[in-house]
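need coordinates for the below:
(2 chains)
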There are 2 protein chains.
Amino acid sequence: MVADALFPVEPWQVREPSLSIGRLAQSESVFALANGHIGLRANLDEGEPHVIAGTYLNSFYEQRPLPYPEGGYGYPEQGQTVVNVTDGKLIRLLVDDEPFHVAHGRLIAHERTLDLRDGVLRRSVDWESPAGRRVRIRSSRLVSFTQRAVAAVAYEVEAVGQPMRITVQSGLVANEEQPHESSDPRVAAALDRPLEAVGQDTEQHGAVLLHRTRVSRLLMGAGMDHVVEAPGDYDEETDVRADWARTTVVTVLQPGESLRITKFLGYAWSSSRSPEAVRDQVAGALTGARYAGWDGLASEQRAYLDDFWDTADVEVDGDPVLQQAVRFSLFHVLQAGARAERRAIGAKGLTGPGYDGHAFWDTEGFVLPLLTYIAPHAAADTLRWRHSILGQARHRARTLGLAGAAFPWRTIHGEECSAYWPAGTAALHLNAVIARAVDRYRQVTGDDSLDEECGLEILIETARLWVSYGHHDDAGVWHVDGVTGPDEYSAVADDNLFTNLMAARNLRAAVAGCARRPEVAARLGVRPDETKAWQVAADAAHVPYDERLGVHQQSTGFTRYAPWPFTGEHPGEPLMLHAPYFQLYRRQVIKQADLALAMHWCPEEFTAEQKARNVDYYERITVRDSSLSACTQAVLCAEVGHLELAHDYASEAALVDLRDLHGNTGHGLHLASLAGAWSAIVEGFGGLRERDGVLALDPRLPEGVTGLRFRLRHHGLRLLVEAGHRTVRVTVRDGDGDGARLPLRLYDESLSVAAGQPVERDVVPLKPLLPAPQQPPGYAPERAVPDPRPATR
Amino acid sequence: MVADALFPVEPWQVREPSLSIGRLAQSESVFALANGHIGLRANLDEGEPHVIAGTYLNSFYEQRPLPYPEGGYGYPEQGQTVVNVTDGKLIRLLVDDEPFHVAHGRLIAHERTLDLRDGVLRRSVDWESPAGRRVRIRSSRLVSFTQRAVAAVAYEVEAVGQPMRITVQSGLVANEEQPHESSDPRVAAALDRPLEAVGQDTEQHGAVLLHRTRVSRLLMGAGMDHVVEAPGDYDEETDVRADWARTTVVTVLQPGESLRITKFLGYAWSSSRSPEAVRDQVAGALTGARYAGWDGLASEQRAYLDDFWDTADVEVDGDPVLQQAVRFSLFHVLQAGARAERRAIGAKGLTGPGYDGHAFWDTEGFVLPLLTYIAPHAAADTLRWRHSILGQARHRARTLGLAGAAFPWRTIHGEECSAYWPAGTAALHLNAVIARAVDRYRQVTGDDSLDEECGLEILIETARLWVSYGHHDDAGVWHVDGVTGPDEYSAVADDNLFTNLMAARNLRAAVAGCARRPEVAARLGVRPDETKAWQVAADAAHVPYDERLGVHQQSTGFTRYAPWPFTGEHPGEPLMLHAPYFQLYRRQVIKQADLALAMHWCPEEFTAEQKARNVDYYERITVRDSSLSACTQAVLCAEVGHLELAHDYASEAALVDLRDLHGNTGHGLHLASLAGAWSAIVEGFGGLRERDGVLALDPRLPEGVTGLRFRLRHHGLRLLVEAGHRTVRVTVRDGDGDGARLPLRLYDESLSVAAGQPVERDVVPLKPLLPAPQQPPGYAPERAVPDPRPATR
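A predicted model of the protein is given here:
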């Protein structure tokens, strides 16, 4: 399952030593740059060859029809798809009269490096044209964390060996041709050339293009400006048309001379403002960028990331593969969320068009737990985004005949876009996962202002949803029937245990929130009988358990279903590509951690023995056909003492994109799995949990990890945890001498750690209750080892 | 629920006394003529106005794409849709230079009558043109039962009051414009002008047009020939183009004179033969028709129907509404199946384009039980059709990862065309229903030759399907999980009781069939361990039962689900148009009889008390949003003694189209409900059942029915059952004196009835165990009474 390594194992960077054309799609995603607002796929400067050209603006989408051969009540009729907006990355080069292209002439060297500490993607090329002219190209690209609307490229070309005419064409191009993702011509029509030109201008050294989407009527502007540094004379001119702009610089270089062009990009979009306002916003962004200059932008970027790593870095001694992968993961999670600012964090971030650019439960379920510890402002903004789509969620609940709010399974703008209800609408747990994120934000940060601003309203509206959908049987037991839990190979099931426990937590959090903030509850019209009903339902939630086998049931009846007929070999693709839902849904085969996730997120609902037995049972039938599985399995395997298995799963989660384990990294990165890699390490090996607002740690390392250090924030305090095989040390790094203390539960001991006074304890070993379980035949995880082979071409 | 009566209550005909333009779609279906091979909707002779112009040839279809916004493994990619073929019904009339049109000029009288005894649709019109010319038109139309490829129209126009020029244009028109049923432009494109011209010819007094469908590549020919009878001189000419042919007759009539044109239509189609062969086949049909002449065709038709009614008539004394309705039902069932001859019987017969012209389980489940008693050759041919698509069903089973054969939920040509798997693929019970039809054919007719020809292969392949899908739990109990029973408001359920019992019967029938025909079993490769496994599974099939409530469960857990929140009023439309499947599937609300059908078809699996209690429980939650429900509820209500309720349900089933109870008769008749009307009366009031090949009767009449007489065939003997409130009399009408005897179970007595020696017994009354149940609020059936109001316009 672990594919060839394209990238050498290095602690602080991801480097492609030579260009692998066959894996261009993967590298376009892996080297993508983003700040949560703008996303640039790592298309080559010259634009071609590419697999998917991509420039994205968070939440900038087009609407498209969803055609059903057999429709049904409540099916969404309109989908939303992220749009590849005006491409500003383009810098084409002509060497004399030959266009530079990696597949023509002779590519002597080609290296790309993403530096995780300074947030710059660098490329160096040594190329000889078919006519025998040799050039060296060095380009650097960044999407600014500090200037949200800005990206920049520094492009330098050097003449080698002989004089030559160098022409650089820097472009803005709208409506680039896209690969067709749908066989439906209506869908293709909606997404083919989605941008209508609204206006265009030349600026001093560049241009601005304004476009609007045809159906969703969103307006966007893209602008470019340039600084040219040439050793001698050069000509510069700019042409503008409806769908493109081009600034051309031409000069003659002597051997050893270089032409350097710094390109600043500014983006803006709006659903309501005028073209003039958007144009000015773009121009303003360009002015700010030009004022900072490349060096200024780069040093701001470095400083921003220094701060980030200071709070977020995870050090994994002994496993350099995992070390690189977890830093890569943290970097991309930051890129997805840093400046999203009340917009969604999509399942692929802004790295590709996969899943239409939609946000799922991945956001609150997997990305926010991490962001809450390392970038709490970004977590808060994401929750504010959820709150901003409460209107659509209320409308959806009404459509479904339910009270409260039913958040969309997948969306950009807030409307439900899932066209297959058993794996969309029926995945009602999403609502409880959002509620959990709201509650955790308060517990982890200690900031309860968000509750009043928007959090409590989310808790209340989701609680209302649950009681309107669930029901008490004649004996009073509360059931949630016909829902789909995280495991999408078991849809439309009764009393999915994860859903029931999470719904109960949702209900209790709403009760507690109303008690904490009675004035907010009153403003939101919460009646006393409502909170009572929430409490009653939560307390009566059914927990399916198989007495005979001594394990919990993923859902009622699950452990009675037929086994899956495993062939002994991994089919190489998800089972759902080879078997109908009809067969999958009622067999004991699990796409992704479901009960395991319940044990991870609701740990207090299970005894240690139950956890051990459940892990043992469910490991044997879980195939990890989803990238959201390995991370959770790592955490639970670690908790029950299968540390080596946990290590394998942690690697799998972390390497999902660096090694393209699911074969679809080209469509965009798996943000949740990347965030899950952190979870596998910190919540798995570190045993990190939140228990009633108190941080709990149970560090235990697998053999291959000699030491683990991780940093995070808790209640505003920066924390460092250093775990070895013998001792664990916890340091509060803030508030030295001001009496700040962090309550902490370390193994079974309750502590209070003072700033500047690290606590050190011996590791408490855990003997697993059961031997490590087998996975289904062919599905065992593989340990990733550094791959000594050079990247393949 | 019982709408206005459009048609007066008359025992042997359906008559529309005046033209109701607002209900044209309904009358187009109600007056449709067919013989199982050709179907003509009752469009007016002059073609317009119409709602849906329709001429159908059994199994002549076009293929079209099925677009999914989220596809899945095993989803059918291609649909099949019945094609409106070349229309030969058209006879346009010009009075002087004014086209006759019912909405122009003055329609003095307009009456249409479908005579159920002679199988002719007659129309008489008295019309004055805007220019004041008055004509009387009499037309008669038939689709021949005796000449499968032939239809004919006798058209007569009489000048009233003054001389006038009369021009009659008799046409063939291909690619008539159709109402668009789909919003998908690809689908519309596939079905817009589906016929490509292949050739055309003028004949002596007519023409032949040959066309081919674009994608399915089916070839068809339509031809017309004419006999003209005019009082004086007339001109006749024929024009032919690619998509139309027109024979024009012009003459001048004096007052009181008539022009009479007899139009013969011949149709043929083929997937393999040459255009020349098809052209000749059409010409041959026309020659045969012309040779018989209108009078010959009409008298053959009458003789055919005399024979039919002699074996099939049902007389309902005391309820003229039900009397008319059941004859109408029998007539249309005959029209759908009489000459289908190894082609499918669609859910709408050949009366309209509803459900794309597909055949469902309706065929074997509802239509064949009736046909087996009254037209066994047609039942056998339908089963031969099923056998002919066994290849596609085997292929489908492989696609689904199953053994044996999985018949399509909906199809024309044999491939699965259901685009929503929870209500298609998951309705696996279809296969057992087909097996039941095979088994019943043998039991009822005594003809076991079909088993060898094809029946046993169906039993075996469906048995293989069941054991490959079901599974034994650790205790040996056999389960069928994740299927959809007849009730489509409870999809993807575990151990649907109907499915389990029917699957068990299917398995037992296969075991018994293999024992009866070991040589056939051997030829089909049946191994002894297979039949053993079938028997074991059948004997261990799980029967979900709720001990606490003392009722069976429709499926596991059903009686624990939440109730449906009925508002107290019938919403006027099916719930599924107002609520998502997500809500419907896990509530105690039932679209259509499911457990009731299990009790009807597997009566020996339930005690009388269980039936009574089950009826009582499930009646309260069944909404009859399917036309396949009332008939079964009638049978079960009668069986447990709720005779008045049974009477109401029988009326509802029988009037589904005459009163357009579901509001969609315009798309075609509800064949299964019409057949179900017979079932409601004969199996309900008559208590007819098959018990191990022995006919069983338990006649008990509701108050409003003073006498019931029904006829059927059993083991080749014609039988007459006469039931009153006091006595029952059973007569074997064949084999007088030759010693033929019919074993019979009458109430609890086993008898043997000799030909010519009727048996008479007193009615054995039944006191119901429980009072008659309530239906959900707003859902009680209404008793239909003769509507004295004239038909509305």
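
give the contact list for the nearest residue to A:Val102 once chain neighbours are set aside.
Excluding its sequence neighbours, the residue lying closest to A:Val102 (C-beta to C-beta, 6 or more residues apart in numbering or on different chains) is A:Leu19, at 5.9 Å. Placement of C-beta: from N, CA and C, glycine included. Shown here is A:Leu19, whose contacts under the criterion C-beta atoms under 8 Å, 6 or more residues apart in numbering or on different chains are A:Val102, A:Leu107, A:His110, A:Arg112, A:Arg793.

which of those count as buried?
Buried subset of these (neighbour count, 16 or more other C-beta atoms under 10 Å in any protein chain shown): A:Val102, A:Leu107, A:His110, A:Arg112.

now for those: which two are most distant?
Taking C-beta to C-beta, the two most distant members of the buried ones among the contacts of A:Leu19 are A:Leu107 and A:Arg112; they sit 12.8 Å apart.

show me the contacts of A:Leu19 that map onto strands.
A:Leu107, A:His110, A:Arg112 (DSSP state E).

so which of those comes closest to A:Arg729?
Nearest to A:Arg729 among those: A:Arg112, at 38.2 Å, using C-beta to C-beta.

how about the contacts made by that closest one?
Going by C-beta under 8 Å, 6+ apart, A:Arg112 touches A:Arg15, A:Glu16, A:Leu19, A:Ser27, A:Phe31, A:Ala42, A:Leu121, A:Arg122, A:Arg123.

what score does it have for pLDDT?
As predicted, A:Arg112 sits at a pLDDT of 98.

what's the answer for A:Gly756, then?
On pLDDT, A:Gly756 comes in at 86.

picking that back up, what kind of secondary structure is the residue nearest to A:Val102 in?
Under DSSP: H, G, I helix; E, B strand; the rest coil, A:Leu19 falls in the coil class.

please identify the residue of the stretch 301-450 of chain A positioned nearest to chain B.
Using C-beta to the nearest C-beta, the single residue of the stretch 301-450 of chain A nearest to chain B is A:Ala419, 3.5 Å away.

hmm, that residue is touching B:Pro69, no?
Yes - counting by C-beta atoms under 8 Å, A:Ala419 does reach B:Pro69; the two are 3.5 Å apart.

need the overlap of contacts for the two.
When contacts are counted by C-beta under 8 Å, 6+ apart, A:Ala419 and B:Pro69 have A:Leu66, A:Tyr68, A:Gly79 as shared neighbours.

pretty sure the second one is in a helix, no?
No - the assignment for A:Tyr68 is coil, going by three-state DSSP, so no helix is present there.

where does pLDDT dip in chain A?
By pLDDT under 70, the low-scoring segments of chain A are A:1-4, A:180-190, A:735-737, A:784-793.

show the subsequent helix or strand relative to the strand ranked longest in chain A.
Longest strand in chain A by number of residues, with DSSP E as the criterion: strand A:258-270. Using DSSP states H and E, the next helix or strand after strand A:258-270 towards the C-terminus is helix A:275-312.

after that next one comes which helix or strand?
From helix A:275-312 onward toward the C-terminus, using DSSP H and E, the following helix or strand is strand A:314-317.

the helix or strand just after that next one: which residues count as buried?
As assigned by DSSP H and E, the chain's next helix or strand after strand A:314-317 is helix A:320-337. Using 16+ other C-beta under 10 Å as the test for burial, helix A:320-337 gives A:321-337.

neighbour-wise, which of the contacts of A:Arg112 leads?
A:Ser27 (27 neighbours; other C-beta atoms under 10 Å in any protein chain shown).

up against chain B, what does the stretch 501-650 of chain A have?
Contacts of the stretch 501-650 of chain A with chain B, taken as C-beta under 8 Å from any C-beta of the partner chain, map to A:556-557, A:560-562, A:576-583, A:585-586.

and the buried ones among these, selectable in ChimeraX?
Applying 16+ other C-beta under 10 Å to these, the buried members can be selected in ChimeraX as follows:
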select /A:556,557,560,561,562,576,579,580,581,582,583,585,586
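
who's in contact with A:Arg464?
By C-beta under 8 Å, 6+ apart, the contact set of A:Arg464 is A:Ala403, A:Gly404, A:Ala405, A:Glu530.

let me see the contact set for the third one.
Applying C-beta under 8 Å, 6+ apart to A:Ala405 gives the contacts A:Leu390, A:Ala393, A:Arg394, A:Arg396, A:Ala397, A:Asn431, A:Ile458, A:Glu461, A:Thr462, A:Arg464, A:Leu465.

help me confirm that it is found in a helix?
No - counting by three-state DSSP, A:Ala405 is not part of a helix but coil.

how near is it to B:Asp295?
A:Ala405 is 73 Å from B:Asp295, where distance means C-beta to C-beta, to the nearest Å.

what's the answer for the second one, then?
Between A:Gly404 and B:Asp295 the computed distance is 73 Å (C-beta to C-beta).

then the last one?
When distance is defined by C-beta to C-beta, A:Glu530 is 79 Å away from B:Asp295.

equivalent analysis for A:Ala653, please.
A:Ala653 sits 84 Å away from B:Asp295, going by C-beta to C-beta.

with A:Leu350 instead?
80 Å.

before we move on, what about A:Val536?
As judged by C-beta to C-beta, A:Val536 and B:Asp295 stand 80 Å apart.

out of the two, which sits in the busier spot?
Between A:Val536 and B:Asp295, A:Val536 has the larger neighbour count (other C-beta under 10 Å), namely 14 against 10.

for the more buried one, grab phi and psi.
phi -60, psi -40 (degrees, to the nearest 10).

which of the shared contacts of A:Ala419 and B:Pro69 come close to chain B?
Applying C-beta under 8 Å from any C-beta to these, one finds that A:Leu66, A:Tyr68, A:Gly79 fall near chain B.

phi first, then psi, for the first one.
Main-chain torsions, A:Leu66, degrees, to the nearest 10: phi -110, psi 100.

that one: what's it in contact with?
By C-beta under 8 Å, 6+ apart, the contact set of A:Leu66 is A:Tyr75, A:Pro76, A:Glu77, A:Gln78, A:Gly79, A:Cys417, A:Ala419, B:Pro69.

write the ChimeraX selection for whichever of the residues you listed are buried.
Applying 16+ other C-beta under 10 Å to those, the buried members can be selected in ChimeraX as follows:
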select /A:75,76,79,417,419 /B:69
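
closest to A:Phe366 among the contacts of A:Leu66?
Among these, A:Cys417 lies closest to A:Phe366 (C-beta to C-beta), at 19.7 Å.

so what's the closest one up against?
By C-beta under 8 Å, 6+ apart, the neighbours of A:Cys417 are A:Leu66, A:Pro76, A:Gln78, A:Gly79, A:Gln80, A:Asp356, A:His358, A:Pro408, A:Trp409, A:Arg410, A:Thr411.

what do you get for A:His205?
A:His205 makes contact with A:Asp225, A:His226, A:Val227, A:Val228, A:Glu236, A:Thr238, A:Thr247, according to C-beta under 8 Å, 6+ apart.

next one: phi and psi at it?
phi -130, psi 40.

okay, now A:His715: neighbour count?
Residues lying near A:His715 (other C-beta under 10 Å) number 16.
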